[in-house]
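> sequence? don't have it. structure:
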């Protein structure tokens, strides 16, 4: 039984879904836009936060287990780590 099944899904709640993200060379927004992403391997995470302009990319060298502090709307093709959404 899921004791949290009837809770309202808010940005501050843990995610209810996840999916593996393939970095986009064609600059396609994630659909739906997740709450955040988590990196399962080390490498580069390059993304565009939800309210940033397309050219305003955040690019970080991250360790395994890194959780982005922004809502990413696009994962860039320069990303080299394994990325999963938190939705």
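Looks like it arrived, so ask away. The structure displayed is predicted, hence computed values, not measured ones.

> please, which helix or strand holds residue 81?
Using DSSP states H and E, residue 81 sits in no helix or strand.

> my guess is it meets residue 41, correct?
Yes - at 4.8 Å, residue 81 and residue 41 qualify as touching, with contact defined as CB atoms under 8 Å. Heads up, the C-betas are built off the backbone N, CA and C, glycines and all.

> among those two, which residue is more densely surrounded?
Set residue 81 next to residue 41 and count neighbours by other CB atoms under 10 Å: residue 81 wins out with 22 against 13.

> sorry, back to before: what is in contact with residue 81 and residue 41 at once?
residue 64 (CB atoms under 8 Å, 6 or more residues apart in numbering).

> where does the prediction get shaky in the chain?
Scanning the chain for pLDDT under 70 picks out the ranges 2, 4.

> give me the most central residue, it.
residue 37 (2.7 Å; CA atoms, centre = their mean).

> contact partners for that residue?
21, 45, 47, 67-68, 72, 75, 83-86.

> wait, residue 36 touches residue 73, no?
No - counting by CB under 8 Å, residue 36 does not reach residue 73; the two are 11.5 Å apart.

> sec struct for the residue nearest to the centre of the chain, please.
Following DSSP: H, G, I helix; E, B strand; the rest coil, the label given to residue 37 is strand.
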